[in-house]
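K.L.:
Need a 3D model of the following:
(2 chains)
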Amino acid sequence: MSRATERSTITAILKRIDLKVRFNQTLLYLSVASCLVLGALVLIELAPRLVPLNMPPGSVIVGAGSAAFLVFLLWSQLGGRQLERAAGVADVRAGLNDELKSAYWFMRQDDSSPWIDLLVGRAAATARKLSLRGLVPVAIPKRFGVALVLFGLLQVLALVPSDGPLLTFAVASDSIRFERALDAYAEEIRDLIDGEGGELLDEEALVLLEEALEEIEAEDTSFEELLRDLREAQDALDEGNLEMTATRDAIDELVEGLSGSEELADFVNALRNQDLSAAADRLRDLAEGLVDLDDLALADLADQLQGASEIDQPAIDQMLEALQEAADAISEDRIPDAQGALNEAADEIDQITDRRARQEANNQAAERARALQEALARQPMSAEGQTQRAEGQSGQPQQGDASAAAPSSAINRSDGAQPGTESGPAGNATGDPTDAPLELGASTTLEAQLALEVIEGTAPESPEEDRELDPKDLFQEASRQQSSIVQYRDVRAPSTYAEGSALNVERIPWRYRSLVKKYFLAIRPGPHRAPGRYVSGQARPDERK
Amino acid sequence: MTTTLIDTQVGEFTEQFQRVKEEIGKVIVGNDEIIDGTLISLISKGHVLLEGIPGIGKTKIVATVADVLHLTFSRIQFTPDLMPGDIVGSDVVHESDTGEKHLSFQKGPIFTHILLADEINRATPKTQSALLEAMQERSVTVGTTTHKLQPPFFVLATQNPLEMEGTYPLPEAQLDRFFYKLKITYPEAHHMHEIMDRTTRREEPEAGMVLDREQILEMRDTARSVPIARSVQDYAIRLTLATHPDTPHANPLTQRYVRFGASPRGTQTLVIGGKVSALLNGRVHVSCEDIRAFMLPALRHRVLLNFEGEAERIDTDTILEAIMKDTPEPSE
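P.N.:
Numbers count the residues shown, from 1 in each chain, chains lettered A, B, ... in the order given. Below is the predicted model:
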């Protein structure tokens, strides 16, 4: 065999070995890359279930891993000296004692001597005897098994729903929980705005809710600010309740005034049943049937309408005006005008129906806003919020703190209007503060102790001064005049106030609010008495006098 | 020269080597590594330092090697009062038949093919150094005249590691001139039986002559013709550099216990020894295994321990074994 043939034989075999080695190497790299990527995906899937962590999306890991693998593969496979490596592999695996490697090196040097020719010739003969399949078999790396296990684990994790992290780190994860909670609140507020009945909401409340949402999305808010926004939105949503209560009171009074008329019986029954749509329909029926009534009935109807329209109820004054106009038209035998006036009154009733529907939507939204506030109040303070709170405690009280963290402050409790479970025996809750001095029991909590301290330090000398001083001013004035006897370390954490606030959120259904309001309006002293239109029952005859 | 001829030459080399071994094996029991090392040194133009306790056959091995090879043999028993002139020879006054007197050089025992320097460490450094030129240059200078030594010139020195009193340890320069330092260990039990059987009879076995001078010189040429690939040579260099504490290749043990590492002569020893080893294995190329095969005897006397190494009685073989283990082959 010629020298060239021997050399080409060695080169050809080394190339085949190199190809197999590269293939195995690629499989090895692929298995490692699979393990790494799948391991990362399992970690991404598993870690948030164990601890509160924000992990990158899986697609990023897969994409980055694939790109890195491709780059590494190209880099590793495009280098030189592959045949020398193949010779080394063959030498080691076939136990050739560096024969192929030496021969290939001398071939590359293009040296020629009888010794080298003998070496190359022997190496060529050895290479021809090599079984490449046995020498470099296709080796499936065991790491593929690991990758398979990881893939299975990933599938299992995908099937198991996540209920949030099992472990929480109170201090380390506050900011993460804060972000997650804000996301949840944002979703709730978004649903409030865009969900069913969102178009009926009060415009001012809508603006406030949208502002809160924007602040959350811009991550420029805190629990305290969010709580304040929600409270303002809730107040705006609740505002219409006063009007609706007044309207209902007015309708009740109207029902009393119209109850004597036979022709208006259906209309009155519908009003009494709060079925305003039916009432409007009955009124339209009446307008149509006016032409069929005899004079006596018309006169009776006119009297009833006249009497009913004289009540003083600004909430339904448009309807009362229409009824008054109808009465006048009937009296003057202008039946078409009377029909028009009655239809106008029916339209007014429809408008009231619309307003009531809108207010009901507002009330539902207010309930949700209230529930959100409760949830917010139960949330532990964010790191930022805690810092602000600490600053607020060390210096002057801050407005944000007062409104967000301590909605039911110590002052509210000490004035007796809302006896708490922690503040010991309540003071004179329902009596006139000018007549009876506050009677306080032994203080049991910091709030009560502070309150007692305040009262001792700034007790007004005259009843007039007492009336003029607001309890909050009283507290702040006392704080300015005296140094607190309570050690700083004993001051309760802001979260405690938040918890208290959550417990003290009102849960009075809107139907009963008028009753509660009437009660409190009734017990207020004269100068603070509510306007007459909000007072019904016993208050009204007094005013008429 | 054709490849067929070389092929034949390689076959003969292996056969002759085996014949020498077998002949030596008739007298010497066991000690294969010592015999191999001695013969490889002879073929590699080197010299051997044999170290071992008394009575385990150091001198017998050397004498047997000399018997097997058709070469002249001298033995010098080194003692403290031995003078350099006793080794190399000196000018003596000669009187001719006519009565004229003149100086003529009287060759010492060094003028031989195989020289047994028995208990070399018992002579003074001055006398030891008399061997330096002969071992390296294969020549002896007396006065202003240099006398060439006939090849092959092969020194086999022995020393006793136990008796330190009254000895003069060989200086580093002289140690470096020994191709291999072979350690003869105590024979094993089954070898002892064989030794007893052979040496306690009325007739002791004798080794016959197997190789003559020309054949040995031819084997030397053959050994040096074996090609070595750069990667294998690089491996030998890295092994040597790993014995140097200040190089990047240094082994941790080297850095801790070694003062000076092996010289380039050490690398030459690895490569030439590797070539002979390759031929003995029927190959015409040197492998990394050939390099490793005689690394311990090639480098153990070239690695100088520092104070810490001496204090902890570190054996240089331990360091060299760590180097062999930690230095990767140029393979995959």
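K.L.:
who's in contact with residue 320?
P.N.:
By default, I'm working from chain A. The contact partners of A:Leu320, by Cβ atoms under 8 Å, 6 or more residues apart in numbering or on different chains, come to A:254, A:308-309, A:311, A:313. Every residue, glycine included, has its C-beta placed from N, CA and C.
K.L.:
hmm, I had chain B in mind actually
P.N.:
Contacts for B:Leu320 were tallied using Cβ under 8 Å, 6+ apart; they are B:243, B:295-296, B:299-300, B:303.
K.L.:
Check those residues and tell me the two furthest apart.
P.N.:
For the contacts of B:Leu320, the maximum inter-member distance is 11.8 Å, found between B:Thr243 and B:Leu296 (Cβ to Cβ).
K.L.:
separation between the most centrally placed residue in chain B and chain A?
P.N.:
Among the residues of chain B, B:Val48 comes closest to the average C-alpha position under Cα atoms, centre = their mean, at 1.9 Å. For B:Val48, the distance to chain A under the criterion Cβ to the nearest Cβ, to the nearest Å works out to 26 Å.
K.L.:
which residues does that residue bridge with?
P.N.:
Beta-bridge pairing for B:Val48 (DSSP bridges): B:Leu156, B:Tyr180.
K.L.:
hang on, it packs against B:Tyr180?
P.N.:
Yes. Between B:Val48 and B:Tyr180 there is a contact under Cβ atoms under 8 Å: 5.2 Å.
K.L.:
Endpoint to endpoint, stretch B:45-57 covers what distance?
P.N.:
Taking Cα to Cα, to the nearest Å, stretch B:45-57 runs 23 Å from one end to the other.
K.L.:
Which residues does that stretch contact?
P.N.:
With contacts defined as Cβ under 8 Å, 6+ apart, stretch B:45-57 is touched by B:28, B:31, B:34, B:37-38, B:40-41, B:58, B:61-62, B:120, B:135, B:152, B:154-162, B:170, B:175, B:177-187, B:195, B:220, B:269, B:272, B:301.
K.L.:
can you count the residues close to A:Val71?
P.N.:
Using other Cβ atoms under 10 Å in any protein chain shown, the number of residues around A:Val71 comes to 10.
K.L.:
so where's the stretch 251-400 of chain A shaky on pLDDT?
P.N.:
Along the stretch 251-400 of chain A, the parts satisfying pLDDT under 70 run over A:378-400.
K.L.:
Make CSV from the contacts of B:Leu320 and add distance to chain A to it.
P.N.:
Written out in CSV, the entries for the contacts of B:Leu320 read as follows (distance: Cβ to the nearest Cβ, whole Å):
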residue, distance to chain A
B:Thr243, 22
B:Met295, 16
B:Leu296, 19
B:Leu299, 20
B:Arg300, 24
B:Val303, 26
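K.L.:
I'd like those residues as JSON lines, with pLDDT and secondary structure appended.
P.N.:
JSON lines is the format used below for these (pLDDT from 0 to 100; DSSP: H, G, I helix; E, B strand; the rest coil):
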{"residue": "B:Thr243", "pLDDT": "94", "secondary structure": "coil"}
{"residue": "B:Met295", "pLDDT": "94", "secondary structure": "helix"}
{"residue": "B:Leu296", "pLDDT": "95", "secondary structure": "helix"}
{"residue": "B:Leu299", "pLDDT": "95", "secondary structure": "helix"}
{"residue": "B:Arg300", "pLDDT": "93", "secondary structure": "coil"}
{"residue": "B:Val303", "pLDDT": "93", "secondary structure": "coil"}
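K.L.:
Where neighbours are concerned, which of those has the most?
P.N.:
Neighbour counts for those were taken using other Cβ under 10 Å; the highest belongs to B:Leu299, with 28 neighbours.
K.L.:
Thought B:Leu270 was touching that residue, still the case?
P.N.:
Yes. The pair B:Leu299 and B:Leu270 passes the contact test of Cβ under 8 Å, sitting 7.5 Å apart.
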